[in-house]
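Q: Based on what follows, work out the 3D shape:
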Amino acid sequence: MRAMELGTPDGMRTELNSLVLTGQKTATTGLLEDYAKETEGLEYLGERLALLDERGRSIAVIEITGVEVKPFGEVTWEHARAEGEGDASLEEWRAGHRRYWSRLGTPVEDGTPVVCLAFRLVKD
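A: Just a heads-up that it's a prediction; the model follows:
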């Protein structure tokens with residue numbers, strides 16, 4: 001079983017995982033470029049992934065319910081809201097994601113390809 005690590009292991013992952021475990025977070029977005037760097041294929045519908053904590057331990061299983069590759073500027077509010085992180089608007093979501101990826105060394109433009117994943121909690 002492949003694994004999902006949300007955010008960065010600096011407290012952010014714990015916060016995001018808690019949103020998944022409470023059902024508030026049912027989506028996430030990643031850079032397509034990262035899949036190439038990690039030589040990893042995209043998730044697929046029905047795939048189950050171990051959700052990992054900051055120590056690399058499995059804390060839950062999620063099932064992929066949607067996979068879309070699209071330019072960052074085309075991510076919908078529906079998807080952004082499903083990330084469950086409290087953004088009040090699509091613009092706020094975009095600004096927060098741009099800051100996050102910029103901190104990691106990858107500035108994101110509207111045309112940058114991203115992978116939008118939807119999922120459901122299977123077991124915790």
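Q: buried ones in stretch 98-117?
A: Residues of stretch 98-117 classed as buried: 98, 101, 108, 112, 114-117 (neighbour count, 16 or more other CB atoms under 10 Å). C-beta: built from backbone N, CA, C; applies to glycine.
Q: which residues sit against the longest helix along the chain?
A: Within the chain, and with DSSP state H defining each element, the longest helix by residue count is helix 90-103. Outside helix 90-103, the residues within contact range by CB atoms under 8 Å, 6 or more residues apart in numbering are 29, 31, 72, 75-77, 80, 83, 85, 87, 107-108.
Q: Put the alpha carbons of the lowest-mean-pLDDT helix or strand in the chain into PDB.
A: Confidence across the helices and strands of the chain bottoms out at helix 32-37, with a mean of 89, counting by mean pLDDT, DSSP states H and E. The C-alpha atoms that make up helix 32-37 are tabulated as PDB, following Å, rounded to 0.1, in the frame of the first residue of the first chain:
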ATOM      1  CA  LEU A  32       2.700  17.400 -10.800                       C
ATOM      2  CA  GLU A  33       6.500  18.100 -10.800                       C
ATOM      3  CA  ASP A  34       6.800  16.300  -7.500                       C
ATOM      4  CA  TYR A  35       5.500  13.100  -8.900                       C
ATOM      5  CA  ALA A  36       8.300  13.200 -11.600                       C
ATOM      6  CA  LYS A  37      10.900  14.000  -8.900                       C
END
